[in-house]
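Pasting the sequence and the predicted coordinates here, then a few questions.
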Amino acid sequence: MRPIVRGIAGLLTAVFVVSGCSSTSSSSDTTVIGLTYVPNVQFSGVYLAEDNGDYSKEGVKVDIRHHGNDEGVFTALVSGQEQLVLATGDEVVQARSQGMDVISVGQYYREQPNVILTRADTGIKSVSDLKGKKVGIPGEYGSSWLALQAYLASAHMTTADISVVSIGYTQVSALNNKDVDAVVGFANNDAVQLSAAGVDTRVVDCDCTIPLVSASLVTTSTWAKENPEKLKKILRATQQGMTAAVEHPDQAFAATEKRDTTLTDDKTRSTATQILNATNLLILGANSKVSLEQDQNRWHEMINFMSSISGLLEREVTLDQVMTNDYIPQS
């Protein structure tokens, strides 16, 4: 069995290494939304939904909880400590294959952020150019590992054609120090960090679609069925907050600043602003529209892709087990 490793936190670890956890109410009328273990501008849509009173206007009480560093992505969800959590689609599929009652009810990122980054001086331009090269990844798990295999497959290659180097979340230093020729990172994190560090990099070209679903709003099917109207209200309010974050990035930054104690100097604030701008592009997607509606075809492709990897899934997973659009706000 392969462990479920927090994919969303992976987007953040290279940015902030100070962990924290906010206290939450456990009253039955309060819905707890779980985010990753540190506040970050990537969650500013949720913060604005709270600060602007969007949840209150819908008549629901919401607490935002940032996970402990060592906590499993779905631990609090399946135990009832949280009712919603932000997680990647591949984490949902893998958890379902292990028997966990988890289901995605809304899309947070409309585009998947995993990219392959290389220094400009390597001569690597396409995926096929990676043959025989050292490629750094956090480890052989999670969305980065899956994305690497998908990128390689698009060029009729496998991991046997490259040298895979587990570097943890040190993509910036590993690439800057020339420990590796390329890294799998995130467009709204590592690419920004490398630019801020003055490393001349490029995104490796790939005329392909990576069959992965990124950040999603996840609950249990049991809780969703027992609280359908409350869930619809929470998703509607969250979408309003996300829209506000995209339309008013200054407000999004201010909402994050209340929660993120690391935004104290000009350099950190500048980098966080760039991360916010890059994140908003992922939230908008190709249609330039904030919407929680999920792409069933993309989920189906991801299930097929993950099923093709030997040993990844413990049992068969079907589309209706891992995602539903039944609760999202109607346009």
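That came in fine, so what should we check first?

which regions of the protein sit below the pLDDT cut-off?
1-27, 331 (pLDDT under 70).

which stretches of the stretch 201-331 of the chain form helices?
221-226, 228-247, 249-257, 266-284, 296-307, 319-322 (DSSP state H, counting those that start in this stretch).

Next, format these as TSV and append distance to Val93 and mean neighbour count.
Glycine gets a C-beta too; all of them are placed from N, C-alpha and C. Compiled in TSV, the helices of the stretch 201-331 of the chain are given as follows (distance: least, CB to CB, whole Å; neighbours: other CB atoms under 10 Å):
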stretch	distance to Val93	mean neighbour count
helix 221-226	14	15
helix 228-247	21	21
helix 249-257	30	19
helix 266-284	20	18
helix 296-307	6	18
helix 319-322	5	17
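
do you know which of the ones you listed lies nearest Asp54?
Closest to Asp54 of the helices of the stretch 201-331 of the chain, according to CB to CB: helix 228-247, at 3.8 Å.

the inter-axis angle of the closest one versus helix 266-284?
130 degrees (axes from the mean of the first three to the mean of the last three CA atoms, to 10 degrees).

Can you name every helix or strand that helix 228-247 contacts?
Where contact means 3 or more CB pairs under 8 Å, 6 or more residues apart in numbering; DSSP states H and E, helix 228-247 is packed against strand 30-35, helix 44-51, helix 54-57, strand 103-107, strand 215-219, helix 249-257, helix 266-284.

quick one: which of the helices of the stretch 201-331 of the chain is nearest Gly106?
Short answer: helix 228-247, nearest of the helices of the stretch 201-331 of the chain by CB to CB, at 5.2 Å.

which residues sit against the closest one?
31, 33, 44-50, 52, 54-55, 57-60, 62, 84, 105-106, 108, 217, 219, 223-224, 251-252, 255, 276, 280, 283-284, 290-292, 326-329 (CB atoms under 8 Å, 6 or more residues apart in numbering).

re the thing from before, as a markdown table, the helices and strands packed on helix 228-247 with distance to Thr75 would be great.
Shown next, in a markdown table, are the helices and strands packed on helix 228-247 (distance: least, CB to CB, whole Å):
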| stretch | distance to Thr75 |
| --- | --- |
| strand 30-35 | 9 |
| helix 44-51 | 20 |
| helix 54-57 | 24 |
| strand 103-107 | 17 |
| strand 215-219 | 13 |
| helix 249-257 | 25 |
| helix 266-284 | 25 |
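
Ok, which of these comes nearest Lys133?
The nearest among the helices and strands packed on helix 228-247, by CB to CB, is helix 266-284 at 25.5 Å.

Packing partners of that closest one?
Packed next to helix 266-284, using 3+ CB pairs under 8 Å, 6+ apart, are helix 44-51, helix 190-196, helix 228-247, helix 249-257.

tell me the angle of it relative to strand 215-219?
If you take the same axes, to 10 degrees, helix 266-284 sits at 70 degrees to strand 215-219.

Taking helix 44-51 as reference, get the angle to helix 266-284.
Using the same axes, to 10 degrees: helix 266-284 against helix 44-51 is 90 degrees.

Following element in sequence after the helix or strand containing Val135, please.
Following DSSP states H and E, one finds Val135 within strand 134-137. Going down the chain from strand 134-137, the next helix or strand is helix 142-154, by DSSP H and E.

which strands and helices sit next to that following helix?
Partner elements for helix 142-154 (3+ CB pairs under 8 Å, 6+ apart): helix 7-13, helix 89-97, strand 114-119, strand 134-137, strand 182-186, helix 296-307.

what does it contact?
5-7, 10, 88, 90-91, 112, 114, 116, 127, 130, 135, 137-139, 158-159, 161-162, 164, 184-185, 204, 206-208, 210-212, 214, 305-306, 309.

now it, how far from the chain's geometric center?
Remark: helix 142-154 is offset 15 Å from the chain centroid, using CA atoms, centre = their mean, to the nearest Å.

Restricting the selection to alpha carbons, write that helix to CSV.
In CSV, the C-alpha atoms belonging to helix 142-154 read as follows (Å, rounded to 0.1, in the frame of the first residue of the first chain):
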residue,chain,number,x,y,z
GLY,A,142,1.8,12.2,-4.7
SER,A,143,0.8,14.4,-7.6
SER,A,144,4.4,15.3,-8.5
TRP,A,145,5.4,11.7,-9.0
LEU,A,146,2.2,11.0,-11.0
ALA,A,147,2.7,14.1,-13.1
LEU,A,148,6.2,13.1,-13.9
GLN,A,149,5.0,9.7,-15.2
ALA,A,150,2.3,11.4,-17.2
TYR,A,151,4.7,13.8,-18.8
LEU,A,152,7.1,11.0,-19.7
ALA,A,153,4.4,8.9,-21.1
SER,A,154,3.4,11.8,-23.4
